[in-house]
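Peer 1: please work out how this folds:
(one chain, ligands or ions: 2)
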Amino acid sequence: MDLELRLEGVHEGILVSGNVTVDVTGECGRCLDPFEYDLEIDVQELFSYEDQEDLEAEDEEEQRLVENEKIDLEPVLRDAVVTALPFQPVCREDCEGLCSECGIHLSEDPGHHHEVLDPRWSALQGLAGQTAVTADKDNVLDEREES
Ligand SMILES: [Zn+2]
Ligand SMILES: [Zn+2]
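Peer 2: Ligands and ions are numbered 1, 2, ... in the order given. Reported below is the predicted structural model:
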């Protein structure tokens, strides 16, 4: 974890700002490949010298305090990292994942496909299943059946 932070004294407390770089390792949510990248996060947090009691109770935002002239950066950084992490990490934006038929990496073999029923053929099957087909003058299928 690389830290590049600036501490600034303001009249209510200490303003911490800067950016943090963390190494993220994980598993792609689409193809399950392990990956690693750097995540850069902007951090900005105000540590107050004292509790601001006039703060609305419904304000759920956690208040950071300067305690014994020290500030505790750890929870701030942890929150920042957790917020910045993607819900479903992928090895790269356009990862195509795995073939649903055989599990091969689609990005390694883009032209890859499996034999599927000709869609026209399955349409015919659907028609055959209908007992009452409304007569349609343009229906080529009817002509074929008559011949
Ligand atoms: Zn992937
Ligand atoms: Zn496949």
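Peer 1: now the helices: where do they sit in the chain?
Peer 2: Counting by DSSP state H, the chain has helices at residues 74-84, 119-128, 140-146.
Peer 1: ranking the ones you listed by mean pLDDT, which is last?
Peer 2: Ranked by mean pLDDT, those end with helix 140-146 at the bottom, a mean of 54.
Peer 1: what residues does this protein put near ligand 2?
Peer 2: 99, 101-102, 104 (CB under 5 Å from the ion). All C-beta spots, glycine's among them, are computed from the backbone N, C-alpha and C.
Peer 1: what two of these have the greatest distance between them?
Peer 2: Pairwise distances across the residues of the chain next to ligand 2 (CB to CB) peak at 8.5 Å, for the pair 101 and 104.
Peer 1: pull the residues that contact stretch 95-113.
Peer 2: Applying CB atoms under 8 Å, 6 or more residues apart in numbering, the contact partners of stretch 95-113 are 28, 30-33, 94, 114.
Peer 1: go with 7 Å
Peer 2: Residues outside stretch 95-113 that contact it (CB atoms under 7 Å, 6 or more residues apart in numbering): 28, 30-31, 114.
Peer 1: so where do the strands sit in the protein?
Peer 2: Secondary structure of the chain (DSSP state E): strands located at 2-10, 13-27, 34-48, 64-65.
Peer 1: of all the ones you listed, which lies closest to ligand 1?
Peer 2: Ligand 1 lies closest to strand 34-48 among those, at 7.2 Å (CB to the ion).
Peer 1: what are the contacting residues of that closest one?
Peer 2: 5, 12-28, 63-66, 71, 76-77, 80-81, 84, 91.
Peer 1: buried residues of it, list them for me.
Peer 2: Neighbour counts over strand 34-48 (16 or more other CB atoms under 10 Å) mark 43, 45, 47 as buried.
Peer 1: pLDDT on that strand, on average?
Peer 2: For strand 34-48, mean pLDDT rounds to 91.
Peer 1: and it, which strands flank it?
Peer 2: Applying DSSP bridges to the sheet, strand 34-48 is found paired with strand 13-27 (antiparallel), strand 64-65 (parallel).
Peer 1: if we can go back for a sec, which one of the buried residues of strand 34-48 is nearest ligand 2?
Peer 2: residue 43 (44.0 Å).
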